[in-house]
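K.L.:
please find the sequence and the predicted model below.
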Amino acid sequence: MRSTAWRFSEGGRRTCGRPVEEPSMVNEHVAIRTEDGVCGTHVVAPDGAGPWPAVILYMDAGGIRPALVDMARRLATGGYLVLLPDLFYRYGPYGPFVPADVFKGDFRAILGPLMATTDNLKAATDTAALLAYLDTRDDVAGRAVGAVGFCMGGRMAITAAGTYPDRFAAVASFHGGNLATEEPASPHRLAPTLRAEVYIAAAENDGSYPSAMAERLETALSRASVRYAAETYPAAHGWMMPDFPVHDRAGAERGWAAIGALFDRALRSTG
């Protein structure tokens, strides 16, 4: 089911890796049926017929909100059709939250009930429906898809790429936590099935992704001969999110450049 689209112009914004002037884009809100219900999803793409390589943006624990939609728009200005699914759809209506306000209180009490409605495996199941939806669109170029996830979305993006290795050509995780744990659904266990090029961007002194965990993930990727790069940014967990108190502009620009380079390399070459 596709909704009516609306167009807007964003003067002076930058794409993933290059400046643009007055980019015109289409933003649709669609309802995608999954095994567990209906997942409301933003679809953002450059204005025009395309076709465009597709990228799925896996959200952080703050849920869908204007800042996250802006991030999807920025990614789309690089010439991509971007899906931004609301992975909290099982919870029902919520927010939108203002992170600065949430962090002033007990954010676990606020966001915990929403986070409990999803996990890596549920996100992978939802991804099957997202991929099926992309296959119905005539403005998507080819079958190769990219994934980028932030915070909890980082582990979901890697899990999706490892679950559907024939579809994902590139995956990036920014300040993702719990990427290599003892849990059966830990993303690092999917390293042997990954075909995507992987980019891991970690924060300094991140309790959700300590150095021992990073070493465990990188060892798994190396043993599986996965093409990957891993970097630690001189920034705090959540630095990429423009509405977080810890947002780091310089680090975010570096991150966007890395995203642009990864997707241009992996998705454009595969057509």
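P.N.:
Ah, there it is. Numbering: from 1, shown residues only.

K.L.:
can you map out the helices along the stretch 51-200 of the chain?
P.N.:
66-76, 99-102, 107-115, 120-134, 152-163 (DSSP state H, counting those that start in this stretch).

K.L.:
tabulate these (TSV), appending distance to A235.
P.N.:
Every C-beta, even on glycine, is put in place using the N, C-alpha and C of the backbone. Shown next, in TSV, are those (distance: least, C-beta to C-beta, whole Å):
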stretch	distance to A235
helix 66-76	16
helix 99-102	16
helix 107-115	19
helix 120-134	25
helix 152-163	15
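
K.L.:
packed most tightly, which of these would that be?
P.N.:
Mean neighbour count (mean count of other C-beta atoms under 10 Å) peaks for helix 152-163 among these, with a mean of 28.

K.L.:
worst mean pLDDT across the helices and strands of this structure, which element?
P.N.:
strand 6-9 (a mean of 31; mean pLDDT, DSSP states H and E).

K.L.:
who are the packing partners of the very next helix or strand once past that strand?
P.N.:
Downstream of strand 6-9, the next assigned helix or strand under DSSP states H and E is strand 24-34. Contacts defined by 3 or more C-beta pairs under 8 Å, 6 or more residues apart in numbering; DSSP states H and E place strand 24-34 against strand 6-9, strand 37-46, helix 66-76, helix 120-134.

K.L.:
strand partners (parallel or antiparallel) of strand 24-34?
P.N.:
With DSSP bridges as the test, strand 24-34 is paired with strand 6-9 (antiparallel), strand 37-46 (antiparallel).

K.L.:
weakest of those by average pLDDT?
P.N.:
Mean pLDDT is lowest for strand 6-9 out of these, coming in at a mean of 31.

K.L.:
return the residues in contact with the residue located most distally from the centre of the chain.
P.N.:
Centroid-distance maximum for the chain: G105 at 26.1 Å, with C-alpha atoms, centre = their mean. Applying C-beta atoms under 8 Å, 6 or more residues apart in numbering to G105 gives no contacts.

K.L.:
hmm, V55 and V82 touching each other?
P.N.:
Yes. Applying C-beta atoms under 8 Å, one finds V82 in contact with V55, separated by 5.1 Å.

K.L.:
okay, and the common contacts of those two?
P.N.:
Residues touching both V82 and V55 comprise L75, with contact defined as C-beta under 8 Å, 6+ apart.

K.L.:
so how far is T232 from the closest residue in space to A236 that isn't next to it in sequence?
P.N.:
Leaving aside its chain neighbours, A236 sits nearest to V246 (4.1 Å; criterion: C-beta to C-beta, 6 or more residues apart in numbering). Distance, V246 to T232, using C-beta to C-beta, to the nearest Å: 15 Å.

K.L.:
G95: neighbour count?
P.N.:
Neighbours of G95 under the rule other C-beta atoms under 10 Å: 14.

K.L.:
and it, how far is that from L114?
P.N.:
With the distance defined as C-beta to C-beta, G95 ends up 9 Å from L114.

K.L.:
give me the common contacts of the two.
P.N.:
Both G95 and L114 are in contact with G63, where contact means C-beta under 8 Å, 6+ apart.

K.L.:
may I have the strands that pair with the host helix or strand of A230, each with its orientation?
P.N.:
Per DSSP H and E: A230 is located in strand 228-233. In the sheet, strand 228-233 lines up against strand 197-203 (parallel) (DSSP bridges).

K.L.:
quick check: mean pLDDT of the partner strand?
P.N.:
Mean predicted lDDT for strand 197-203 stands at 98.

K.L.:
flag the shaky bits of this protein, pLDDT-wise.
P.N.:
1-23, 269-271 (pLDDT under 70).

K.L.:
how about H188, nearest residue that isn't a chain neighbour?
P.N.:
A180 (3.8 Å).

K.L.:
pretty sure the one you found is touching I200, no?
P.N.:
No. Counting by C-beta under 8 Å, A180 sits too far from I200 to count as a contact (10.3 Å).

K.L.:
name the residues contacting each of these two.
P.N.:
214, 217.

K.L.:
ok, the residue farthest from the centre of the chain to F150 distance?
P.N.:
Counting by C-beta to C-beta, the separation of G105 from F150 is 22 Å.
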